Structures are given as C-alpha cells and as structure tokens.
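Asks: This is a predicted model, with the sequence first.
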Amino acid sequence: MQYMSTRGKISGITFKDAVMMGLADDGGLLLPESIPTLSRGDIAALSKMAYPELAFRIISLFSGNIPADDLKHLIDKSYQTFSHGEVTPVVHQDGVFILELFHGPTLAFKDVALQLLGNMFEYLLKESGAHMNILGATSGDTGSAAIYGVRGKENINIFILHPDQRVSPIQKLQMTTVTDHNVFNLAIRGTFDDGQRIVKEIFGDLDLKKSMSLGAVNSINWARVLAQVVYYFYAYGRVQRATNCTEVYFSVPTGNFGDIFAGYIAKRMGLPIRRLILATNENDILSRFITQGDYSTAQVVPTPSPSMDIQLASNFERYLFYLFDQDSIRVRQAMDELATKGELQVGPELMDRVAKDFLAGSATRQETLDTIRDFHRATGYILDPHTAVGVKVGKELTGGDFPLICLATAHPAKFGEAVQQAIGQDPILPPQFQGIENKPQRCEIIDADTRAIKDYMAKHALL
C-alpha cells in the first residue's frame, strides 16, 4: 500500500513515511492510493473479533511495510492502556446505541488513535535512529491525548497549541499538569482555527519541517484516521449481532471532519452504513455544506461543546478529493478559492452524491443542554455535550427503520459545567481527575503568530 497527496504532487509514499510525514510536502493530505473493499463475508468474520485483533486486521490492510508481528505488538501495547476490556464498548440506551470512545487515558476518543500513533512514532524513530519534534493544535481533546501518547518517550518533543480560555478547565489541566521534560504547552491568544492555521503554515515551510524533523499528531496524519476506522467496524459488529440489522446509521459529532471521515472510509471499504449523520453545534459550516452546498466561514461561536467550535475543518480536503473524483487539480483550485474568498460552492450534481453518504443537522446551546437533561431523565445515563449534539441530530434525522449508533466522544466529567447546567448535578469525577487542580502546571501564553511559535520551537526543539 502506497500513499499520495490530495494535491497531486506527492505519490508513492510508504506507510511508514506517511506516518512520519504527517502533512504532505505539497501542502495536501495523504491518502492511500487505493482503498481495499471487503465482502459481506469478510465483514461478518471481522465483526466477531475482539478489538485488538480487529484493529490488527483493518490496519494491516494499509500498513504493508510494518512487519505483522511488530504491528500486532504495537496495537496490543496501545490498547492495554484502556480501562474497559472491550476498548470501545457499545451500550443501548433509550433506543440509541452509544459507542463509548472515552475509556482511554484521557477519557476522549482521540486516545484510540493517539495511543497507537505515539507507539508508532517511538517504534519508527528507534528503527531509524532519528528524533522528532511534534507540533499540533487542539480544540480540547487532541492535545491531552497526544501528550499522553508520547510523554516521557525518548527522541520526541511535543509542542501543543490550545486556544487560551477556550477549552474546558479539565481539558486545560489534562495538558498543563503533564510536566515531563519533552512536553511544551502553548496557550495561544486566539481560536483553534488560528492554531490550526499556524500548524499548517509551519508544516508548509519545508526547510523548517526538515531541519526540525517535524511530526504531526492532528488528524492531518493519516494514521489517526486509520485507527479510527476500526471502531466503526467494531460497533457495527456488536449492533448487528444484537439486532440482526442489514444497515446502520452512525451519528458523529464533529468539527474537524476527521472522525466522520474515518466512517466514510469504512463505508467505502464496504461497511453497510446507510448514512453517516454529521452533527454540529452552532459552528455549523460542515452541516451547512451537507444540507446546502455552502462551505463558507463565519466567526467562531463559543458553545458548551468546545471541541467542535471550529470553522475550518482540516480533513474536509480529503473528502473533496473523493467528491471531485480524485482530481487533485480541482482540489487545489478549491482550496485556493477557500483561502482567498473564505468559501467554496459545490453544484447540485455533486450535492446529489453527497446526499447518498451523509445527512446533517446542528444543535443550539439550549438544545444540547436539553438533550443531556432529557436523556438523563429517561435513562440515568449522562451524555457529554458533544455526544448530546450527535444524539439530538441523529434522533431527529432517523425514523427507527435501522439502528442508530451515536459516537460518544468524551467522558461527561470533562465538561462538568455543561452537565451541571443540564441536570443540576456534577458528573462523578473519574480517579484520574480527582485532585488534578492541585498538581503542578506548566504552560506559556503566546500570541497566535506563526513567527512567535517558530521562534519558541527553535529554542526548545530537539535538533
């Protein structure tokens, strides 16, 4: 399996090199040159496997130049850190199947990919004798999951940008209380979109990327998306056995399009997904695109689901590549148009194709809190605000003809203020959160300026 860029100037990249490259050197995003398709028989066999074995079978389809025994060891090591034996269990509540993705070290779905990616980085660096400086931006959960994936590892320094005062208190503490020598937390005076822009600009400086040996942990790294493909197959298998269904809906709360793009890859591989339901909060650029063909940026609105407070979804370019029939010239033109005009438009013919894969909707602040309250009253189960967006939109857009699987992307204790507003009580703090506010912290506040970040990294990077 080899990899190519969405912008057409990079191709023939091995999986190992794709992991280490992160953002393609031409500014695009890496994708496999072909996507394997699975038969119903293949999918039926996969659906009976335990999570680590399923992960090995799926990931090995895309990672040809990592020996099988090494890959299996990396996967087993990664998921031993999860507190639940099933890794991503599925629970049935109020007619909805909840795919719990928050049983990793930082209690967010990002752990599923970043525990594996951290171990892959360590393995590949040891093999090559090289070092790496990881740069990433976070809207809340990616940062802590990435930090926990590489903290204390040799030959790796990690620099994480988060928007100052725009992540939840717990999310901030999960990052800033990790004081390992190789971890650098930077709170930027701006939004997540500013951080994402800075990361892309720095990776676009190819001389700097090479001299600093930059690595990516954001979902611009293909390995992140690939690891997330696995739990779509896992959830489908559990629900299929419980209901004898032929197809399912997946409702995915998303701001950066990475998690739902993983579902799109699973669908292209043959997983019988009737529709992927894209659920956004009031920052609804993605749902507007799916419903109206309008992808135009607006001001970021703070919401109770801050990890989705995003206006420019970095993984959207990967989907455009397939929507445009893998025409990289057209992708480049679209991304240039977006950069200059802040919008791009897609015609009715292509929107008919979009509608075959996606449904979409959004939830306001009040609708999010109401969903947490109503779901808790009906079941006693507490949703975090991101998952509540997915539940609200998913229920609204499906009629019970096929099972609805909603991705639960974070533990509710990460968003205690929203939960308190919704149900009048705080969620129970897991052991790893208890006393976290009393731990030493290390973080620097810095301007949302590419030059300022470059200068900081030059002082602290492994060279």
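Replies: Arrived safely, thanks for sending.
Asks: A339 and K200: what is the separation?
Replies: 10 Å (Cβ to Cβ, to the nearest Å). No exception for glycine: its C-beta is placed from N, CA and C like everyone else's.
Asks: ugh, typo on my part, it should be D336
Replies: With distances taken as Cβ to Cβ, D336 is found 14 Å from K200.
Asks: which of A339 and K200 has more neighbours?
Replies: Set side by side, A339 and K200 show more neighbours around K200, with 18 against 11, by other Cβ atoms under 10 Å.
Asks: roughly how far apart are that one and A458?
Replies: For K200, the distance to A458 - Cβ to Cβ - is 19 Å.
Asks: Kindly report the same for R353.
Replies: In terms of Cβ to Cβ, R353 sits 45 Å off from A458.
Asks: Just give the nearest non-adjacent residue to M269, would you?
Replies: L38 (5.4 Å; Cβ to Cβ, 6 or more residues apart in numbering).
Asks: That neighbour is in contact with L46, isn't it?
Replies: Yes: contact between L38 and L46 holds when scored by Cβ atoms under 8 Å: they sit 7.5 Å apart.
Asks: Just give me the neighbour total for the spatially closest residue to E247 that is not a sequence neighbour.
Replies: Nearest residue to E247, sequence neighbours excluded (Cβ to Cβ, 6+ apart): R274, at 4.1 Å. By other Cβ under 10 Å, 19 other residues sit near R274.
Asks: Which secondary structure state is assigned to R274?
Replies: Assigned with DSSP: H, G, I helix; E, B strand; the rest coil, R274 falls in the strand class.
Asks: so what's it up against?
Replies: Neighbour list for R274: E247, V248, Y249, F402 [criterion: Cβ atoms under 8 Å, 6 or more residues apart in numbering].
Asks: Model confidence for the first one, exactly?
Replies: It refers to E247. As predicted, E247 sits at a pLDDT of 97.
Asks: Looks like it contacts F402 (just checking).
Replies: Yes: the pair E247 / F402 is scored as a contact, 5.1 Å apart, by Cβ under 8 Å.
Asks: neighbour count winner among these two?
Replies: F402 (18 against 14).
Asks: That one: which element?
Replies: Counting by DSSP states H and E, F402 is held by no secondary-structure element, helix or strand.
Asks: How about the contacts made by it?
Replies: Taking Cβ under 8 Å, 6+ apart, one finds C245, T246, E247, V248, Y249, R274 in contact with F402.
Asks: Can I take it that A262 is in a helix?
Replies: Yes: applying three-state DSSP, one finds A262 inside a helix.
Asks: Now do the same contact list for it.
Replies: A262 neighbours (Cβ under 8 Å, 6+ apart): V225, L226, Q228, V229, Y232.
Asks: how about these in JSON lines, adding pLDDT and secondary structure?
Replies: Shown next, in JSON lines, are the contacts of A262 (pLDDT from 0 to 100; DSSP: H, G, I helix; E, B strand; the rest coil):
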{"residue": "V225", "pLDDT": "96", "secondary structure": "helix"}
{"residue": "L226", "pLDDT": "97", "secondary structure": "helix"}
{"residue": "Q228", "pLDDT": "97", "secondary structure": "helix"}
{"residue": "V229", "pLDDT": "98", "secondary structure": "helix"}
{"residue": "Y232", "pLDDT": "98", "secondary structure": "helix"}
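Asks: Flag every buried residue along stretch 289-301.
Replies: Neighbour-count burial for stretch 289-301, counted by 16 or more other Cβ atoms under 10 Å, picks out F289, I290, T291, Y295, V300.
Asks: cool, and stretch 418-430?
Replies: Buried-residue list, stretch 418-430, by 16+ other Cβ under 10 Å: A418, V419, Q421, A422, I423, P427.
Asks: which non-adjacent residue is nearest S328?
Replies: G8 (2.8 Å).
Asks: How many neighbouring residues does that neighbour have?
Replies: Around G8 there are 18 residues (other Cβ under 10 Å).
Asks: Could you do the one 10 residues further on as well?
Replies: Here the neighbour count serves as a burial measure; for A18 (other Cβ under 10 Å) it reads 25.
Asks: and it, what is it in contact with?
Replies: Y3, L30, W222, A223 are the contacts of A18 under Cβ under 8 Å, 6+ apart.
Asks: Which members of the residues you listed occur in strands, if any?
Replies: Counted as lying in strands by DSSP state E, out of these, are Y3, L30.
Asks: Considering the contacts of A18, which possesses the most neighbours?
Replies: L30 (27 neighbours).
Asks: tell me the SS of N157?
Replies: Strictly by three-state DSSP, N157 counts as strand.
Asks: distance of it from L173?
Replies: Taking Cβ to Cβ, one finds N157 at 21 Å from L173.
Asks: Could you dump the contacts of F402 into CSV with secondary structure added?
Replies: Listed next are these as CSV, based on three-state DSSP:
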residue, secondary structure
C245, coil
T246, coil
E247, coil
V248, strand
Y249, strand
R274, strand
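Asks: now, which of the residues you listed sits nearest D17?
Replies: Using Cβ to Cβ, V248 comes nearest to D17 of those, at 34.9 Å.
Asks: quick check: mean pLDDT across stretch 392-407?
Replies: Mean predicted lDDT for stretch 392-407 stands at 95.
Asks: One more: stretch 327-342?
Replies: 93.
Asks: Put the alpha carbons of stretch 187-206 into PDB.
Replies: What follows is stretch 187-206, C-alpha atoms only, in PDB (Å, rounded to 0.1, in the frame of the first residue of the first chain):
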ATOM      1  CA  ALA A 187      -1.900  28.800  25.100                       C
ATOM      2  CA  ILE A 188      -2.400  31.000  22.100                       C
ATOM      3  CA  ARG A 189      -4.200  34.300  22.200                       C
ATOM      4  CA  GLY A 190      -6.800  33.300  19.600                       C
ATOM      5  CA  THR A 191      -9.000  30.400  18.400                       C
ATOM      6  CA  PHE A 192      -8.500  26.800  17.500                       C
ATOM      7  CA  ASP A 193      -8.700  27.800  13.800                       C
ATOM      8  CA  ASP A 194      -5.700  30.200  14.400                       C
ATOM      9  CA  GLY A 195      -3.800  27.300  15.900                       C
ATOM     10  CA  GLN A 196      -4.600  25.000  13.000                       C
ATOM     11  CA  ARG A 197      -3.600  27.700  10.500                       C
ATOM     12  CA  ILE A 198      -0.200  28.200  12.300                       C
ATOM     13  CA  VAL A 199       0.400  24.400  12.300                       C
ATOM     14  CA  LYS A 200      -0.300  24.200   8.500                       C
ATOM     15  CA  GLU A 201       1.900  27.300   7.800                       C
ATOM     16  CA  ILE A 202       4.800  25.800   9.800                       C
ATOM     17  CA  PHE A 203       4.500  22.400   8.100                       C
ATOM     18  CA  GLY A 204       4.300  24.300   4.700                       C
ATOM     19  CA  ASP A 205       7.800  25.700   5.400                       C
ATOM     20  CA  LEU A 206       9.600  22.600   4.000                       C
END
